[in-house]
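Peer 1: Return atomic coordinates for the entry below.
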Amino acid sequence: MTDQPKRRSDGGSPTAGLDAWHQNRGQRGAAGRGHPGWTLVAIAFGVVMVGVDATVVAVANPYIARSLHGSLSDLQWITNAYLLVLAVLLIPMGMLGDRFGRRRLFLIGVVGFALASLAVGEIGSVAGVIAFRAVQGIFGAIILPNTLAILRNTFPPEKLNQAIGIWGGSSAISIAAGPIVGGLLVEHVSWESVFYVNVPIGALGLIVGLLALAESRDRHPRPLDAAGLLLLAGGLLCMVFALIKAETWGWGDAMTIGLLAGGAALLVALGLVERRVHAPLLPPVLFTRRSLTLGTTAVTLAFFAMYGVLFFVTLYLENIHGYDPVAAGVRLLPLTAIFAVAAPLGALLNDRLGPRFAIPFGMVSMTIALVLLLWLDPGSGYIRLWPSFVMLGLGVGVVIVAASDAIVASAPPAEAGIAGGIQATGLQLGGVLGTSVLGSILASRVASTLVAKLEAAGVPAPVARRFLAAKQLVAQGLAPHLPGTPAPLQAAVTRASHGAFMSGLHLALGIAAAVCLVTAALGVFVDRPKPEIEVPAEEGSELGGYPPKRASRVKPTTMSPPPMLAPMVVRKGSTRTSAPVWGASTITARPPWVRT
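Peer 2: The predicted structure follows:
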């Protein structure tokens, strides 16, 4: 072992970030591009586009359903098609940026996202909206990882954290503003305008990006694990499709069981294949680390609960209470805004008491919030909602910071970026599972209780059974209407329909609360990351084969929410930095797509 590690093209040495910045400085000046301020502006346009789209759709969903005659499962796919594609492609698209140029990929992503958004508004069918939402996910996955890589190649190491803070702040603001902006557009223009707004944003991002961004790429890019990518995508698609269709087909139906079993088999095959791949997409050895595995579980299940609440409570506000989109967006603000600013508290709790306290604290806060929502009824006032929203946003924010810290700090420094990619993927998958699993539970409960609720409200049994065909409508919080129905009978149908929806909502919230409570118990087994991790000189990467062998003793950095999640928190004087990035935010460790 030598005293000084050899310098590597992928930044393995402690001075790699500084060396890379000086190496690229001449190229930036010669091209007239790479001005840090304008680079941040260009990057912000891309991050805001994707960030707003993450929350704005929740407000638009009821109007999309009415305009295109969509069912609850259609709304689930409108949300999940985007999140699922985004989750699967985050790491691979970052690798493509390493290989073909981050500036090029970012600009392609901005143009593609804007055009896909235009197509969503123009297509005029539920199937088309779902398809182009998936296309949005492809281009969103191109944009997000390459934004961080561009920043790292533009800013010197001592300025990078500040740049990432501005980057993450723009994302957090876009999340909090999403429901209100969406409400204004839906109410005063149309639901399509929620997507059209991405076109001018994308145009501005393209113009500024062409003029301001400097190109960078990796001289030795990480190879793409095509087999792992296909197995991951196939397994997740089979399982999500089965979960969403289970309410229609039945949980015991051969199609449901077959797709669930097939998805599970593909994911098992993924684990076996990844053990033999030279540079695996999801290295199995990382999951042998308890804190990394439990931390990933925590961030996934935190977003499982948050997206479930955001999806269904929006239906409750707009369809049960009849709030317009702006009013619904304003009432969701305690959830989104508190979530966006909860990172400082999470960082403080994690620093002083460790993840064994911070993760259970956040999960218990979420559990209490979900339990309080069980007392909702169709006539509940806002006083029963906002305390739960505050506690839920606080809990999610704390869990994300503490669990992300554990995830990346538990990985070897050379693999901290891969661990960050696992964290980002887990967050998106949590959203997919929250809307699909809880949505199927709600819809199944509605179908099983609707007739009984109608009969209890005084609707004659033969008429009540006719209304069962409208169970998908009731699962959105709406009441079906039959032409010529007397007013007293229609009032009974409305009461019963709302009662069936609330029964399904309570069951879904109760299951989410139980999941959070179990996760809180698991959180006590997450260890505080060690201050230093040594990578042996002779062994190289613990994963074997990639990255190249090296020797160094470095201090790991901390992972926090990726874009669309939370603002940056820098704890000065500490070796750990919480920042909304996929990989480490300092020069010692970073994502596989951030290379020099």
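
Peer 1: can you tell me which residue is nearest the centre of this protein?
Peer 2: Nearest to the mean C-alpha position of the chain, counting by C-alpha atoms, centre = their mean, stands Gln428 at 3.3 Å.

Peer 1: can you pull out the strands in the stretch 401-550 of the chain?
Peer 2: Using DSSP state E, counting those that start in this stretch, the strands found in the stretch 401-550 of the chain span residues 533-535.

Peer 1: how about the helices of it, start to end?
Peer 2: 416-456, 461-466, 471-474, 487-523 (DSSP state H, counting those that start in this stretch).

Peer 1: closest one to Val135 among those helices?
Peer 2: With C-beta to C-beta as the measure, helix 416-456 is the member of the helices of the stretch 401-550 of the chain nearest Val135 (16.0 Å). C-betas here are computed from N, CA, C, even on glycine.

Peer 1: From the contact counts, what lies against the closest one?
Peer 2: helix 72-100, helix 226-249, helix 290-315, helix 386-410, helix 461-466, helix 471-474, helix 487-523 (3 or more C-beta pairs under 8 Å, 6 or more residues apart in numbering; DSSP states H and E).

Peer 1: Check those helices for me and report the most buried one.
Peer 2: Comparing these by mean neighbour count (mean count of other C-beta atoms under 10 Å), helix 386-410 comes out on top with a mean of 28.

Peer 1: Now that one: average pLDDT?
Peer 2: Throughout helix 386-410, pLDDT has a mean value of 86.

Peer 1: Check which helices and strands it is in contact with.
Peer 2: Counting by 3+ C-beta pairs under 8 Å, 6+ apart, the elements that helix 386-410 packs against turn out to be helix 290-315, helix 333-341, helix 343-353, helix 355-372, helix 416-456, strand 577-578.

Peer 1: about what we covered before: could I get the helices of the stretch 401-550 of the chain in JSON lines, plus columns for mean pLDDT?
Peer 2: Listed next are the helices of the stretch 401-550 of the chain as JSON lines, based on pLDDT from 0 to 100:
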{"stretch": "helix 416-456", "mean pLDDT": "84"}
{"stretch": "helix 461-466", "mean pLDDT": "86"}
{"stretch": "helix 471-474", "mean pLDDT": "87"}
{"stretch": "helix 487-523", "mean pLDDT": "93"}
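
Peer 1: Redo these as TSV? Include distance to Asp324.
Peer 2: Converted to TSV, the helices of the stretch 401-550 of the chain look like this (distance: least, C-beta to C-beta, whole Å):
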stretch	distance to Asp324
helix 416-456	23
helix 461-466	31
helix 471-474	20
helix 487-523	18
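
Peer 1: re the thing from before, ok, the residue nearest to the residue nearest to the centre of the chain when sequence neighbours are not counted to Leu372 distance?
Peer 2: Take Gln428 and drop its neighbours on the chain: the residue closest to it by C-beta to C-beta, 6 or more residues apart in numbering is Ala87, 3.3 Å away. Distance, Ala87 to Leu372, by C-beta to C-beta, to the nearest Å: 30 Å.

Peer 1: isn't there a helix covering Ser216?
Peer 2: No - with DSSP: H, G, I helix; E, B strand; the rest coil as the criterion, Ser216 is coil rather than part of a helix.

Peer 1: count of residues packed around the nearest residue to Gly354 once chain neighbours are set aside?
Peer 2: Using C-beta to C-beta, 6+ apart and skipping the chain neighbours, the partner closest in space to Gly354 is Arg528 (4.0 Å). Residues within reach of Arg528, counting by other C-beta atoms under 10 Å, total 18.

Peer 1: surely Arg528 meets Pro355?
Peer 2: Yes - with the criterion set as C-beta atoms under 8 Å, Arg528 and Pro355 qualify as a contacting pair; they are 6.3 Å apart.

Peer 1: quick one: Gly421 and Ile91 touch, right?
Peer 2: Yes - checked against C-beta under 8 Å, the pair Gly421 and Ile91 is within contact range at 4.2 Å.

Peer 1: mind listing what the closest residue to Val515 other than its chain neighbours touches?
Peer 2: Distance criterion C-beta to C-beta, 6+ apart; nearest residue to Val515, sequence neighbours excluded, is Leu301 at 5.6 Å. Taking C-beta atoms under 8 Å, 6 or more residues apart in numbering as the contact definition, Leu301 lies against 430, 515-516, 519.

Peer 1: swap the cut-off to 10 Å and go again
Peer 2: Under the criterion of C-beta atoms under 10 Å, 6 or more residues apart in numbering, the contact list for Leu301 reads 363, 366, 399, 403, 426, 430, 433-434, 512, 515-516, 518-520, 522.

Peer 1: distance of it from Tyr307?
Peer 2: In this structure, Leu301 and Tyr307 are 11 Å apart, going by C-beta to C-beta.

Peer 1: Quickly list what's touching both of the two.
Peer 2: With the criterion set as C-beta under 10 Å, 6+ apart, the overlap between the contacts of Leu301 and Tyr307 is 430, 433-434.

Peer 1: So which of those is surrounded by the most neighbours?
Peer 2: For these, neighbours were counted using other C-beta under 10 Å, and Gly434 has the most, 29 neighbours in all.
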